[in-house]
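A.B. asks: Sharing a model that was predicted from the sequence below.
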Amino acid sequence: MGRFLLSRLVDGIVAIWGVVTIVFVVSRLLGDPAILLLPVGATEEQLQQLRAGLGLDQPIWEQYLTFLGGVVRGDFGNSFQFMRPALSVVLERMPATMALAESALLVGVVLGAVAGSMAALFRGTIVEGVVMLLALLGQATPVFWLGLLLILLFAVDLGLLPTGGYEGPASLILPALTLGTFTTASIARLLRSGMLDVMKDDHVRTARAKGLLPGTVFLWHVARNSLIPVVTMVGILAGELLGGSVVTETVFSWPGVGRLIVQAMEAKDFPVVQAGVMVIATIFVVINLFVDLLYGLLDPRIRARR
């Protein structure tokens, strides 16, 4: 288990280093930040002063090492909009993003588990066909389009829920449903497939031959043994929900990190963009590390291969 844990930790560190490098390269490919930040008509002297203040007059390798050191310390510089540390600005918005992602994940796990189980139990019937059709549509529907559709239906036409922003728990319903639709569809399809495979196993036939009740067989022999791939999928989807929250938060004006990043890009507030991307990427890596460890505990064969 120790080697397995060490291996996953090394993989996680390498992944975070890769994200840091990509963020640095992309920020340099966007052009000279001094030109982007100063108004049109700025003098060369003003440009040189700003470049020196941002450390852009140093060799590129020195800029990279400085940036890498700042990331390790959690220092991304001050926000150009808020005039305070960019990381603190991002962390202030993190609770809203986490609340949205957790709600969407809960919606996806509950609805996906119910839908996938029904499709497996009623294989070959219209129930399975309807569930699989809805799951396919759920995976194919763009988040922004679904969000706008739900706003028009439940907020504008019916007036049941807020159109956006945060006005209490009710404001979380539409964004969570929008963001959780893809998760619901993915879990439903994966769980159905896993259950159908497990139903063919010898231990399930043996349990039925012993005269166990169908519900007991399904819960203790089919459902339990179908959860390992679902656990992995939930971990992957949890990370994707953080990235996918950018679109959802923008559509619903949700005060989270995703919307903050979009606003920072529009305002050319690069420190906030970099801090936001790094925070989300780090959480994504940590979640996947946790899922890998849990996967190894559930299936000893994974640890043995490591």
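C.D. replies: Perfect, I can see it now. As the structure is a computational prediction, the values presented were derived from the model and not from experiment.
A.B. asks: Tell me how this structure divides into domains.
C.D. replies: 2-73, 91-267 (automatic domain parsing).
A.B. asks: Out of those, indicate the one that is most buried.
C.D. replies: Across those, averaging neighbours per residue (mean count of other CB atoms under 10 Å) puts domain 91-267 on top, at a mean of 18. For glycine as for every other residue, the C-beta is placed from the backbone atoms N, C-alpha and C.
A.B. asks: Endpoints of that domain, how far apart?
C.D. replies: Separation of the first and last residues of domain 91-267 by CA to CA, to the nearest Å is 19 Å.
A.B. asks: tell me the mean pLDDT over that domain?
C.D. replies: Here domain 91-267 scores 84 as its mean pLDDT.
A.B. asks: For that domain, what is the distance to the chain centroid?
C.D. replies: How far domain 91-267 lies from its chain's middle: 12 Å, per CA atoms, centre = their mean, to the nearest Å.
A.B. asks: returning to that earlier point: can you put the domains of the chain in TSV and add distance to Gln274?
C.D. replies: Shown next, in TSV, are the domains of the chain (distance: least, CB to CB, whole Å):
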stretch	distance to Gln274
domain 2-73	6
domain 91-267	9
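A.B. asks: And those: which comes nearest Leu293?
C.D. replies: domain 2-73 (6.4 Å; CB to CB).
A.B. asks: Let's test this: mean pLDDT of the closest one, rounded?
C.D. replies: Averaging pLDDT along domain 2-73 gives 77.
A.B. asks: doesn't Pro229 make contact with Ile187?
C.D. replies: No - Ile187 is beyond contact range of Pro229, at 10.1 Å (criterion: CB atoms under 8 Å).
A.B. asks: from what I can see Ser171 touches Thr163, true?
C.D. replies: No - the criterion here is CB under 8 Å, and Ser171 misses it with Thr163 at 9.1 Å.
A.B. asks: joint contacts of these two?
C.D. replies: Phe252 (CB atoms under 8 Å, 6 or more residues apart in numbering).
A.B. asks: To Asn288, which of the domains of the chain lies closest?
C.D. replies: The closest of those to Asn288 is domain 91-267. By CB to CB, the value is 5.8 Å.
A.B. asks: where do the helices sit along the stretch 201-306 of the chain?
C.D. replies: Using DSSP state H, counting those that start in this stretch, the helices of the stretch 201-306 of the chain run over 202-209, 214-217, 227-251, 257-266, 270-298, 300-305.
A.B. asks: Just put those in a markdown table and tack on distance to Trp17.
C.D. replies: Output for the helices of the stretch 201-306 of the chain, formatted as a markdown table (distance: least, CB to CB, whole Å):
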| stretch | distance to Trp17 |
| --- | --- |
| helix 202-209 | 44 |
| helix 214-217 | 48 |
| helix 227-251 | 17 |
| helix 257-266 | 21 |
| helix 270-298 | 10 |
| helix 300-305 | 24 |
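A.B. asks: Nothing else from me, thank you.
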